[in-house]
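1. Let's see this in three dimensions:
(one chain, ligands or ions: 1)
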Amino acid sequence: MVAPPPAATILPDADAVARAAAERLLAVAAGTGRAAICLSGGSTPRRLYALLAGPEFRGRVPWERLHWFFGDERVGDGPEAGSNRRMVEAAFGADSPVPAGHLHPIPTDRGPEAGAAAYEAELRAWYGADGLDPARPLFDCVLLGLGEDGHTASLFPGKPAVAETGRWVVGVPEAGLAPFVPRVSLTLPALGSARSLLFLVTGRGKRDPLARLAAGEELPAGRVQPQGDVAWLLDQEAVG
Ligand SMILES: O=C(O)[C@H](O)[C@@H](O)[C@H](O)[C@H](O)COP(=O)(O)O
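-> Numbering: from 1, shown residues only. Predicted structure coming up:
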């Protein structure tokens, strides 16, 4: 059995992880005024997004107040690029409850660096300042996954993007794994500017990175320092 990270909740299966994440997201989004959610890509969170838009949660989500941003994106045309935007839009469904203008995709029509610069400008405009204030997080909730190599968002071990501390969004021309397309990723400071950080980790393939994190290895997923609270939602398969 893998020693789970601190602040980990182990749930029976991926559906239970998605349901627990939905409840936590609703709790974070409660209140008044607009709230910013930063979405994770990959396959794990698809269940969560479909659950939120589905009959069980749809009526409980304050869609008019929520704005949905992306932690990273793959830059490339065609289905092989594995667009996170397409994954999210498919999960929210053809009758998506997200109001127009509330989904903020990362531009993928101009290459990773220009896309990163454009998205950083959008985030700064949303935030209303050029510097991140620890007392005023950029996001209400940041959702993240864990790659089998310990990456999160598109911050891959040993790559320059992990060490970036001045910019909020960077291009990642050399994404190290399939689909081998360039990417755009939020940086550690931007991902950490969160009232609440939620890792969703499911499946046997995550036992190795979890064990490496537990052994103290400095992997990108372990370097996100949230200003608020952090929770890891794991399924039993991920810990054995
Ligand atoms: O765009 C991406 O690929 C994600 O942002 C990435 O960081 C993901 O969270 C991990 O690779 C885990 O992916 P799975 O959920 O598919 O295991």
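
2. Spell out which residues belonging to this protein are near the ligand, please.
-> 40-44, 71-72, 84, 145-147, 151-153 (C-beta under 6 Å from any ligand atom). Yep, even glycine has a C-beta here, placed from its N, CA and C like the rest.

3. which stretches of the chain aren't confidently modelled?
-> By pLDDT under 70, the weakly predicted segments of the chain are 176-179.

4. Report how many residues lie close to residue 2.
-> The number of residues packed near residue 2 is 19, by other C-beta atoms under 10 Å.

5. And residue 200, by the same measure?
-> Counted by other C-beta under 10 Å, the residues lying close to residue 200 total 25.

6. Grab the nearest non-local neighbour of the residue nearest the centre of the chain.
-> For the chain, the residue nearest the mean C-alpha position is residue 40 (2.6 Å; C-alpha atoms, centre = their mean). Leaving aside its chain neighbours, residue 40 sits nearest to residue 143 (4.3 Å; criterion: C-beta to C-beta, 6 or more residues apart in numbering).

7. helices or strands up against the host helix or strand of the one you found?
-> Assigned by DSSP states H and E, residue 143 falls within strand 139-144. Packing contacts for strand 139-144, counted by 3 or more C-beta pairs under 8 Å, 6 or more residues apart in numbering; DSSP states H and E, involve helix 14-29, strand 35-39, helix 188-192, strand 194-201.

8. TSV please, covering these and showing distance to residue 56.
-> Listed next are the helices and strands packed on strand 139-144 as TSV, based on distance: least, C-beta to C-beta, whole Å:
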stretch	distance to residue 56
helix 14-29	8
strand 35-39	18
helix 188-192	28
strand 194-201	18
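
9. who's in contact with residue 11?
-> Residues near residue 11 by C-beta atoms under 8 Å, 6 or more residues apart in numbering: 17, 20, 233-236.

10. What's opposite it in the beta bridge?
-> residue 235 (DSSP bridges).

11. Please enumerate the helices of this structure.
-> For the chain, helices defined by DSSP state H occupy the ranges 14-29, 46-53, 84-92, 112-127, 160-163, 188-192, 207-214, 236-239.

12. Determine the set of other helices and strands touching the third one.
-> If contacts are counted by 3+ C-beta pairs under 8 Å, 6+ apart, helix 84-92 sits against helix 46-53, strand 66-70, strand 72-74.

13. contact partners of the first one?
-> When contacts are taken as C-beta under 8 Å, 6+ apart, the neighbours of helix 46-53 outside the stretch itself are 14-15, 17-19, 21-22, 25, 39, 57-58, 61, 87-88, 90-93, 96-97, 143, 200.

14. Farthest-apart pair in the residues of the chain next to the ligand, please.
-> 84 and 146 (15.6 Å; C-beta to C-beta).
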